[in-house]
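Chemist: predicted structure and sequence below. I'll ask about it afterward.
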Amino acid sequence: MTTTTPPFTEPGPAAGPARRTLRTATRDRWARATAPGAFLDRRRQDVRDALDHGWRAGARWVRLGTGLLILLGTTAGAVVLCSAVRQILAASGADAWLTAITHTVTGPVRHYLAEHTVGLPLSAADAYRLWVATGLTAALLSCVLRSTVARIAWTSWSAGTLAAVWQASPDASRTVAAALTAAVLAAVSLPALRGLAFSLRPHITIHRTVRVAARVTVAVWSHPAVPAPRRPLDQP
């Protein structure tokens, strides 16, 4: 069996200079981008300042990027942890107990949304998904970033959930459903609202201003005294 080798064609005369020109232009652009005071150099300095002086003292984009990475990592860890806990509960036979607690809280909310979304462009299923996404986002941001806005959102979401459970639960089991919902929300609020302190004492902050007087050195050059010329009347 014979194999045929394709004919070799040499590149044109303009291929080599064009490739070198493209490589030179790329190298020049990279040198300009990484030069002192350029865009990449400023971003590198922002990251270095955040590492040296702390995350809160860093630039805004460093804090936003770090917070986003922490949020994504925490979300992935929470999903894996919930899956592992569900498997453990299913193996131990406690899955039915957890499902009963979940339906006690989410069932009245679904019923409330189904009754109050009649005539709206938003369906009850979409409203329920939005309610779940809002609660999870507020809880994660409160636990990870400890943001005041996220904690206010979590508190408002918890109050709305408790009111919906109270309104949509049957009359005979309304108190138990509301109490169970409050217990679940309180358990989640332990890490979400940690560090909060309510005190009626006034908070006094003392700012000290240190003034440093500049030391000024004045150099005086001394010249030899030159006698004044004598006038004719001053001569003896």
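Modeler: The structure has been received and is ready for your questions. Quick caveat: nothing in here was measured; it's all calculated off a predicted structure.

Chemist: just give me the residue closest to the centre of this structure.
Modeler: The residue at the geometric middle of the chain, judged as the C-alpha nearest the mean C-alpha position with Cα atoms, centre = their mean, is Gly67 (2.5 Å).

Chemist: tell me the pLDDT of that one.
Modeler: Looking at Gly67, its pLDDT reads 77.

Chemist: repeat for Ser156
Modeler: Model confidence at Ser156, expressed as pLDDT, equals 94.

Chemist: before we move on, what about Trp55?
Modeler: Confidence at Trp55, expressed as pLDDT, is 67.

Chemist: then Thr24?
Modeler: As predicted, Thr24 sits at a pLDDT of 80.

Chemist: what's the helix or strand for it?
Modeler: Using DSSP states H and E, Thr24 sits in helix 15-33.

Chemist: any idea how far Thr102 is from Glu115?
Modeler: 20 Å (Cβ to Cβ, to the nearest Å). Every residue, glycine included, has its C-beta placed from N, CA and C.

Chemist: where does this structure have low pLDDT?
Modeler: Low-confidence regions of the chain, defined here as pLDDT under 70, cover residues 1-20, 55, 93-94, 197-236.

Chemist: specify the helix with the largest residue count in it.
Modeler: helix 60-92 (DSSP state H).

Chemist: run the chain-centre distance for that helix.
Modeler: 15 Å (Cα atoms, centre = their mean, to the nearest Å).

Chemist: may I see the buried residues of it?
Modeler: Of the residues in helix 60-92, those with enough neighbours to count as buried (16 or more other Cβ atoms under 10 Å) are Val62, Leu71.

Chemist: helix or strand next in line after it, which one?
Modeler: helix 95-116.
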